[in-house]
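>>> Whatever this is, show me its structure:
(2 chains)
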Amino acid sequence: MAGIIKKTGDSAKSADGTQTSIVDGRQHLLLLPAWLIIGVLLVIPVLLMLTYSFLVQDFRGGVIWEFSLEAYDQFFFDRGLFGDEPPSIEWTYIGIFWRSFVQALFAMIFCFLIGFPTAYFIATRPQKSRAFWLFLVTIPYWVNLLIRTVSMKFLIRDNGPINTWLLSGGIIDEPIGMINTSFAIQLGLFYSYLPFMVLPIYASIERYNFALSEAAADLYSSRWMTLFKIVIPSVRPGIIAGCILVFIPSLGAFLAPDLLGGAKNFMIGSLVEEQFKGQAGDWPFGAAVSMILLSIIMVILLFYARAQNRQNDGGH
Amino acid sequence: MLNPSERIRWYPGFREIALLCLVILYSPLIIVMIYSFNDSPSITVWKGFSFVWYEEVFTGPEAERFKQATVNSLLIAVCAAITSTAIATASALAMIRGRRFRGQAITFGLINLPLMVPEIVTAVATLIFFASIGFDRGILSILLAHIVFCIPFAYLPIAARLQGIANVYEQVARDLYATPGQTFRLVLFPMMLPGILSGFLLAFIISLDDFIITNFVKGAGVETLPTAIFGAVKQGIKPNIMAISTLMLVASFLLVTIAYFISRMGDQRK
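Got it, this is the predicted structure:
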């Protein structure tokens, strides 16, 4: 089939021997709308946000165009109530980042623990039922995230169905306080991004050559040894991709922390929202927090890209 | 029962975990669905089946607010999906059918940039942008913001589809003296249609789904369905919220199912 395509393709060369295409000469015109829209409405705004993070807060909600490092200073250093004490490290915001980081990490680990066996199971189904399983796993992703988070809130409330059933079943004597805990946030994040873990791992396992597992079994490798020494290393790119797809949106998540975590469990998303929509109204500080978050994520993606390149080089 | 090669692939407990995974994914949704039919103002005590909360959604005191929000959401989603699908189709043609060019990798990165920047950061940046140029925040600002993040979602299925179409068809049409415009309209476009349709539907759902970015760039008093629901939920989950959620659930489910079958239909025709 490939040979036929190549042959007919050859016959369609123009006089000077290069292949013609219907987009010849129009390529830049066709790409112009995408460049314009994403350039003007995303790249420039991010640069503007970077600029804003170096400006001075206007108390009416906005900025004064004056260069200042105040926003970053406020993030990292504590100079006392009147700003005249010697600076010491300010732990509040670093603490919020650290907590968000830990919570995203746990969500990622839970997603992996449930997502890997699920992906493996789906990939080893017969061709026909595979598509159906995949369909079942992807559907929830397309359901409104807000609605999924609200559903989870409904389910785990103090007088929600879970507690009501457990109480009426006599299993517990008083409701388990699940809402407004960091457990609730992790559950919410896990629930929000689980399909992101399953799909890339599934794609990797589907390409995995099971003859390797059979060879390992022939050489007296136990089932679990084969899993940890052969299968997991072979599908590592899919696992890393899944982990990144869960970790990054979890880090900047707003809905799960806000609706399930309550006021005690502030995360990065809520901190940023406070500066723009809430009481704080400090735009330069909000811009600085967003820049710090974006930088962390870019570093993670850079490491990921480098690791992938190394893997590709090693493959040759 | 299992043949040897199946036995080697099998791991104890994996089937159970996969089933657990489905239970976790679906149980909150199904429970909310069930309770939306509860004939009781208290949302946890089951009092029997009724449509009372669905009536409340359409005729209750908040009905007007939700109706306006739904109209806004649908209007924005339709416009954002059409625009981003058109942009994504043009980009996919240039990226896949064009020659290699300088900056191709950067262009690819640019198209996918909205997927890499966290939503909350996009929201902040877009708000700052509109505020600093004095752009009036309302339906139009929401629409513009939505077009940006819908582009990669529309691009992915369209590009995948185009990659699966051998370029012999265009070559033959060109050999038979079709103009590039005719070739696209009469040959390539009909073959790309399944990809374009599923790109459109995904963009539509993603736009309908968005809360964070909309919440930042919307002006005071302008609501989409998610922001209206969020505002209501902040005052406590009432049964009418569960009825609205169920309606949206069913709508998303239908759209995704349609998108799924369209893309499968396309694959079979290949």
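
>>> Off-centre distance for stretch B:159-173?
26 Å (CA atoms, centre = their mean, to the nearest Å).

>>> Flag every buried residue along it.
B:Ala159, B:Ala160, B:Arg161, B:Leu162, B:Ile165, B:Ala166, B:Asn167, B:Val168, B:Glu170, B:Gln171, B:Ala173 (16 or more other CB atoms under 10 Å in any protein chain shown). For glycine as for every other residue, the C-beta is placed from the backbone atoms N, C-alpha and C.

>>> Could you tell me the end-to-end distance of it?
Stretch B:159-173 has an end-to-end distance of 21 Å (CA to CA, to the nearest Å).

>>> Need the max-distance pair from the buried residues of stretch B:159-173.
B:Ala160 and B:Ala173 (22.2 Å; CB to CB).

>>> Kindly report the residues of the stretch 151-270 of chain B close to chain A.
Counting by CB under 8 Å from any CB of the partner chain, the stretch 151-270 of chain B comes close to chain A at B:151, B:166-168, B:170-172, B:174-175, B:180, B:183-184, B:188, B:205, B:208-209, B:211-212, B:215-216, B:226, B:229-230, B:233, B:237, B:241-242, B:245, B:248-249, B:252-253, B:255-256, B:260, B:264.

>>> Just those residues: which are in helices?
B:151, B:168, B:170-172, B:174-175, B:180, B:205, B:208-209, B:212, B:215-216, B:226, B:229-230, B:233, B:241-242, B:245, B:248-249, B:252-253, B:255-256, B:260, B:264 (DSSP state H).

>>> Low-confidence ranges, the chain, go.
Looking at chain A here, since you left the chain open. Per-residue confidence for chain A (pLDDT under 70) gives these ranges: A:1-20, A:60-61, A:313-316.

>>> ah, I was thinking of chain B
B:1-2, B:4-5, B:42-44, B:266-270.

>>> so who does B:Lys67 touch?
Not one residue lies near B:Lys67 by CB atoms under 8 Å, 6 or more residues apart in numbering or on different chains.

>>> In three-state terms, how would it be classified?
helix (DSSP: H, G, I helix; E, B strand; the rest coil).

>>> what's the spacing between it and A:Ile179?
31 Å (CB to CB, to the nearest Å).

>>> tell me which element B:Ala92 falls in.
helix B:63-92 (DSSP states H and E).

>>> after that helix, next one along is what?
Helix B:63-92 is succeeded, C-terminally, by helix B:104-116 (DSSP H and E).

>>> coming back round to it: from the ones in helices among the residues of the stretch 151-270 of chain B next to chain A, keep the buried residues only.
Among those, those buried by neighbour count (16+ other CB under 10 Å) are B:151, B:168, B:170-171, B:174, B:180, B:205, B:208-209, B:212, B:215-216, B:226, B:229-230, B:233, B:241-242, B:245, B:248-249, B:252, B:255-256, B:260.

>>> What about A:Phe106, how many residues nearby?
A:Phe106 has 18 neighbouring residues, counting by other CB atoms under 10 Å in any protein chain shown.

>>> wait, B:Asn72
B:Asn72, neighbours per other CB under 10 Å, totals 22.

>>> gap between it and B:Arg65?
Remark: distance between B:Asn72 and B:Arg65 (CB to CB) = 11 Å.

>>> Likewise for B:Leu22?
From B:Leu22 across to B:Arg65, the span is 35 Å (CB to CB).

>>> Let me see the contact set for the residue nearest to B:Phe149 when sequence neighbours are not counted.
Distances taken as CB to CB, 6 or more residues apart in numbering or on different chains put B:Pro114 closest to B:Phe149, at 4.2 Å, once the chain neighbours are dropped. Counting by CB under 8 Å, 6+ apart, B:Pro114 touches A:Ile38, A:Leu42, B:Thr122, B:Val148, B:Phe149, B:Ile151, B:Pro152.

>>> how about a cut-off of 6 Å?
Neighbour list for B:Pro114: B:Val148, B:Phe149, B:Pro152 [criterion: CB atoms under 6 Å, 6 or more residues apart in numbering or on different chains].

>>> how about the residues you listed in CSV, adding neighbour count?
CSV is the format used below for the contacts of B:Pro114 (neighbours: other CB atoms under 10 Å in any protein chain shown):
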residue, neighbour count
B:Val148, 24
B:Phe149, 25
B:Pro152, 24
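
>>> Between those residues, which sits nearest A:Ser21?
Nearest to A:Ser21 among those, with distances taken as CB to CB, is B:Pro152, at 23.7 Å.

>>> Looks like that closest one contacts B:Leu115 (just checking).
Yes: the criterion here is CB atoms under 6 Å, and B:Pro152 meets it with B:Leu115 at 5.0 Å.

>>> for chain A, what spans make up the strands?
A:56-58, A:62-64, A:77-78, A:88-89 (DSSP state E).

>>> Spatially nearest residue to B:Gly199 (excluding sequence neighbours)?
Distance criterion CB to CB, 6+ apart; nearest residue to B:Gly199, sequence neighbours excluded, is B:Ala154 at 3.8 Å.

>>> What's the local residue count around that neighbour?
By the criterion of other CB under 10 Å, B:Ala154 has 33 neighbours.
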